[in-house]
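*Asks:* got a predicted structure plus its sequence, pasted below:
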Amino acid sequence: MKPEILILLQILIPVAGIVSCMLISDISRILKVPVITSVFSLFVSVLLAVQFHFAGAHAIIRNNFLVDALSLYHLFLVNVIFCLSAVYATGYFRRQHDEGELTFGYARRYTMLWQAFQSMLIIVLLSNNIGIMWIAIEATTIVSSFLIISDNNSLSIEAMWKYLLICSVGIVIAFMGTVLTVAAAGNLPAENSGYLFSQLIKYPELLDAKLMLFAFILLAIGFGTKAGFSPMHTWLPDAHSQAPTPVSAVFSGVMLNCALYCIMRYLPITEAALGMDGQAHSILLLFGFMSLFFAAVFIPVQHDIKRLLAYCSVEHIGIIAIGLGLGGLGTFAALLHTANHSISKVLAFFSAGYIGEHYGTRNMHRITDAVRQVPWWGGAFFISILVLVGVAPFSVFMSEFLIAREAFFAGKYVLFVLFVFGSFAVFVNLLKHVLDVSFGKHETSGKIKMKVRFVDKIIIVAGVAALLVPGLWIPSPLSDFLKQAAAIVENGVSL
């Protein structure tokens, strides 16, 4: 199949799902539409990966859209997480439907917005044009903001407005960075476009270095707001805690990654324009350590189980930024950590959502002995938190170890100590929370008895396996693919 057709299919499949939702009038059927479209989207992304794994980058439509190892890696993650979350959502909303809490109007709105959100994220990842990327990331903010409203209560509405306003301000700042990037490219030859990443990286010596540095600072702040960098992360705990659990999962699992992906595209261009002096990497290190230490401070005082996971997102986005800031092996580790965090966080949110429904509360002081009372999801929550705190031999331990190794052997001993200290502080406090929730012996019991579906058990087993195997052994094809993607983050895309 022609690559142009595959790329267009990747964008248009969720759009077809939106049209289907407009024609369906049954709740149970309409909730299955995102599952079907996500499966097809995942299949197409696999075909793209097979076709372009060794073929290098490929651009279409006047080079405005691009497929390379970096975009394929994130594209695959987006489709996997959306597919898992769509399957989980069928059970999540089925329980609400059986109890008379789910209306058809909400179900239709949810499924249409869900697929529009997925389509916009895919456009972000396939964009070679900096203008299209900015428009798509802004569209994800508008579309996803309405997914946060779950119960139509004051808290969810407040969280929606907080997310919409803060992220919109961040995107405006990113727009200023985008404009400055075009201005910095004013000396490019007339036949080349200053709007394309593939063209900007070709002529770094013609870019205005000062403008490019200022542009990158604005881009890091703007896109970093959407990614959850501290101190711009303030929307994130409210949005994660108030959104429906499937939405929280995709927010944490892929939306934050896609915002950080935008920064990755600008990183090699800025470094090349500045003569590889490391200033752009230093900016990412600053935001990375700020995020890590903010999370270490706020995690101990959390009571809401989903807000706790939100601050875990802040921590791990910070760790990814630290890896990118270190460069070299750190870039490889950051990309590996991206997948590790996505899978573990999705499993954690699924578990937290089920546990919260079982106990009738998200207050961790009132949730105890979850491993015994809800063995499948309680056990999944315990394991996912162990993964997130970096317990060996799970995959997060491997990626964090590689980041620490790069800092140490690069002679950046202060950064090494700060990274180990921040990670250990999170480890201790997060472990205390999960032990109380999983094995506490206070007199609490579940209020709602719910059956765990067979498909949910498959998700749990597959998720744990996916988090265990890379911690023991990284297959050669995955390692080679990550090296290709890391080379693009370091050196930029070449057509």
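*Replies:* Here it is on my side, so go on. Source: prediction; values computed, not measured.

*Asks:* for the rest of this, base every contact and every neighbour count on C-alpha atoms.
*Replies:* Noted.

*Asks:* residue contacts, residue 63?
*Replies:* By Cα atoms under 8 Å, 6 or more residues apart in numbering, the contact set of residue 63 is 128, 129, 196.

*Asks:* next, it: secondary structure please.
*Replies:* Here residue 63 is coil, with the state taken from DSSP: H, G, I helix; E, B strand; the rest coil.

*Asks:* next one: residue 157
*Replies:* helix.

*Asks:* name the nearest of the contacts of residue 63 relative to residue 332.
*Replies:* Of all those, residue 332 sits closest to residue 128, with 21.9 Å by Cα to Cα.

*Asks:* and that closest one, what are its phi and psi?
*Replies:* The phi/psi pair for residue 128 (degrees, to the nearest 10) reads phi -100, psi -10.

*Asks:* show me what contacts it?
*Replies:* So residue 128 contacts 59, 63, 64, 65, 66, 196, 197, 198 (Cα under 8 Å, 6+ apart).

*Asks:* any idea which helix or strand carries residue 392?
*Replies:* Using DSSP states H and E, residue 392 falls within no helix or strand.

*Asks:* quick one on the thing from earlier: how about the contacts of residue 128 in a markdown table, adding distance to residue 42 and pLDDT?
*Replies:* As requested, the contacts of residue 128 are arranged in a markdown table below (distance: Cα to Cα, whole Å; pLDDT from 0 to 100):
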| residue | distance to residue 42 | pLDDT |
| --- | --- | --- |
| 59 | 20 | 84 |
| 63 | 24 | 87 |
| 64 | 22 | 90 |
| 65 | 19 | 92 |
| 66 | 18 | 89 |
| 196 | 27 | 92 |
| 197 | 26 | 93 |
| 198 | 26 | 91 |
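
*Asks:* now, among these, which is nearest to residue 73?
*Replies:* residue 66 (12.8 Å).

*Asks:* dihedrals phi and psi, that closest one?
*Replies:* phi -140, psi 140.

*Asks:* shouldn't residue 102 be within a helix?
*Replies:* No. Using three-state DSSP, the assignment for residue 102 is coil, not a helix.

*Asks:* how far away is it from residue 57?
*Replies:* Distance check for residue 102 against residue 57: by Cα to Cα, to the nearest Å, it reads 45 Å.

*Asks:* also residue 221?
*Replies:* Counting by Cα to Cα, the separation of residue 221 from residue 57 is 28 Å.

*Asks:* comparing the two, which residue is more hemmed in?
*Replies:* Per other Cα atoms under 10 Å, whichever of residue 221 and residue 57 has more neighbours is residue 221, with 25 against 17.

*Asks:* ok, now which ones touch the more buried one?
*Replies:* 170, 173, 174, 232.

*Asks:* in helices only, show me these.
*Replies:* Residues from the contacts of residue 221 lying in helices, with DSSP state H as the criterion: 170, 173, 174.

*Asks:* who wins on neighbours among those?
*Replies:* Counting neighbours by other Cα under 10 Å, residue 174 leads those with 27 neighbours.

*Asks:* show the pLDDT at residue 263.
*Replies:* The model reports residue 263 with a pLDDT of 97.

*Asks:* what's in contact with the helix or strand hosting it?
*Replies:* Under the criterion of DSSP H and E, residue 263 resides in helix 256-273. Contact with helix 256-273 is made by 74, 121, 124-125, 133, 137, 197, 200-201, 204-209, 212-213, 216, 219-220, 223-224, 226-228, 277-281, 317, 338, 488-492, as judged by Cα under 8 Å, 6+ apart.

*Asks:* equivalent analysis for stretch 181-190, please.
*Replies:* 194, 195, 200, 203, 206, 207, 208, 209, 211, 212, 215.

*Asks:* check what pLDDT the residue nearest to residue 398 when sequence neighbours are not counted gets.
*Replies:* Once flanking residues are discounted, residue 398 sits nearest to residue 471: 5.4 Å by Cα to Cα, 6 or more residues apart in numbering. Per-residue pLDDT puts residue 471 at 90.

*Asks:* roughly how far does residue 471 sit from residue 337?
*Replies:* 11 Å.

*Asks:* what are the pairing partners of the helix or strand bottoming out on mean pLDDT in the chain, and which direction each?
*Replies:* Lowest mean confidence among the helices and strands of the chain (mean pLDDT, DSSP states H and E): strand 58-60, at a mean of 83. Looking at strand 58-60 with DSSP bridges, its partner strands are strand 65-67 (antiparallel).

*Asks:* report the distance from the partner strand to the chain centre.
*Replies:* Centre-to-centre, strand 65-67 and its host chain are 20 Å apart (Cα atoms, centre = their mean, to the nearest Å).

*Asks:* buried residues, the next helix or strand after it. List them.
*Replies:* As assigned by DSSP H and E, the chain's next helix or strand after strand 65-67 is helix 69-98. For helix 69-98, burial by neighbour count (16 or more other Cα atoms under 10 Å) applies to 69-94, 97.

*Asks:* residue 390 should be in a helix, yeah?
*Replies:* No. Residue 390 is assigned coil when assessed by three-state DSSP, not a helix.

*Asks:* using PDB, list the CA coordinates for stretch 11-21.
*Replies:* C-alpha atoms of stretch 11-21 as PDB (Å, rounded to 0.1, in the frame of the first residue of the first chain):
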ATOM      1  CA  ILE A  11      -5.500  10.600  10.400                       C
ATOM      2  CA  LEU A  12      -8.900   9.800   8.900                       C
ATOM      3  CA  ILE A  13      -9.900   6.600  10.700                       C
ATOM      4  CA  PRO A  14     -10.900   8.400  13.900                       C
ATOM      5  CA  VAL A  15     -12.800  10.900  11.700                       C
ATOM      6  CA  ALA A  16     -14.700   8.000  10.200                       C
ATOM      7  CA  GLY A  17     -15.500   6.900  13.800                       C
ATOM      8  CA  ILE A  18     -16.900  10.400  14.500                       C
ATOM      9  CA  VAL A  19     -19.300  10.100  11.600                       C
ATOM     10  CA  SER A  20     -20.400   6.600  12.700                       C
ATOM     11  CA  CYS A  21     -21.200   8.000  16.200                       C
END
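
*Asks:* show residues contacting that stretch.
*Replies:* 30, 33-34, 37-38, 40-41, 108, 111-112, 115-116, 118-119, 122-123.

*Asks:* now a ChimeraX select for only the buried ones of these.
*Replies:* In ChimeraX syntax, the buried subset of those is picked out as below (16+ other Cα under 10 Å):
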select :30,33,34,37,38,40,41,108,111,112,115,116,118,119,122,123
